[in-house]
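# Quick one, what's the 3D model for this:
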Amino acid sequence: MNKAFILLCAVAAGALRGWAALGGSAESVEADRLKFQATRQIVAMPKYAIHEINRTDGGVIREYVTPSGKVFGVSWSGPTIPDLTQLLGTYHVEFRDTLRAHQKSFGRRPATVHNSDLVVETAGHMRAFQGRAYLNSMLPNGVSPETIK
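Below you'll find the model as predicted:
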């Protein structure tokens, strides 16, 4: 009985999204900090807040949060690409499928998706990657996409 209960709890815990993802809640940004074993600093702006996660490898992830507590954009830079499945959340499937549908060449090239709501731009080379993602529908009034960098 105890083993079954422990297994059930482990499965339930694994099913929960424990990270802040594009379109998700700001409360879970702390889970990102823990996953990346990083430090976090919050910069309050007039129309949004930036949760900056400084990774131990020198990389930086910025999560842009609306006053109502939703992540409307993320950006990253550093020597490695962070887990985009984590950062994009449910939008990762749309990102992946759009890239596959429009893939025309092989080799190194920027990965860019500009759908009606989702925008993802990622580029770089070994030890120098950067990118950003945002949702047009969630941009606060008066905040332009150029803010996410």
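
# Spell out the secondary structure type for the spatially most central residue of the chain.
Nearest to the geometric centre of the chain sits Leu87, at 2.4 Å (Cα atoms, centre = their mean). Assigned state for Leu87: helix (three-state reduction, DSSP: H, G, I helix; E, B strand; the rest coil).

# show me what contacts it?
Neighbouring residues of Leu87 by Cβ atoms under 8 Å, 6 or more residues apart in numbering: 19, 21-22, 61, 74, 76, 133. C-beta here means a position set from N, CA and C on the backbone, and glycine is covered the same way.

# same question, Phe95
Under the criterion of Cβ under 8 Å, 6+ apart, the neighbours of Phe95 are 84, 88, 113, 118, 120, 133.

# quick check, it in a helix?
Yes. Under three-state DSSP, Phe95 falls within a helix.

# Not including adjacent chain positions, what is the nearest residue to Gly89?
Distances taken as Cβ to Cβ, 6 or more residues apart in numbering place Ala21 nearest to Gly89, at 2.5 Å, with adjacent residues excluded.

# doesn't Leu84 make contact with that neighbour?
No. Applying Cβ atoms under 8 Å, one finds Ala21 not in contact with Leu84, separated by 10.0 Å.

# Please identify which of these two sits among more neighbours.
Neighbour count, other Cβ atoms under 10 Å: between Ala21 and Leu84, Ala21 has more, with 23 against 20.

# and the more buried one, how far is that from Pro79?
22 Å (Cβ to Cβ, to the nearest Å).

# ditto for Arg132
Between Arg132 and Pro79 the distance is 17 Å, computed by Cβ to Cβ.

# what about these two, which has more around it?
Using other Cβ under 10 Å as the criterion, Arg132 and Pro79 rank with Arg132 on top: 20 against 13.

# Go ahead and list the helix or strand containing that one.
Taking DSSP states H and E as the criterion, the element that holds Arg132 is strand 128-135.

# Pull the contacting residues for the nearest residue in space to Ala128 that is not next to it in sequence.
Closest residue to Ala128 apart from its sequence neighbours, by Cβ to Cβ, 6+ apart: Pro79 at 7.0 Å. With contacts taken as Cβ under 8 Å, 6+ apart, Pro79 has the following neighbours: 57-59, 126-129.
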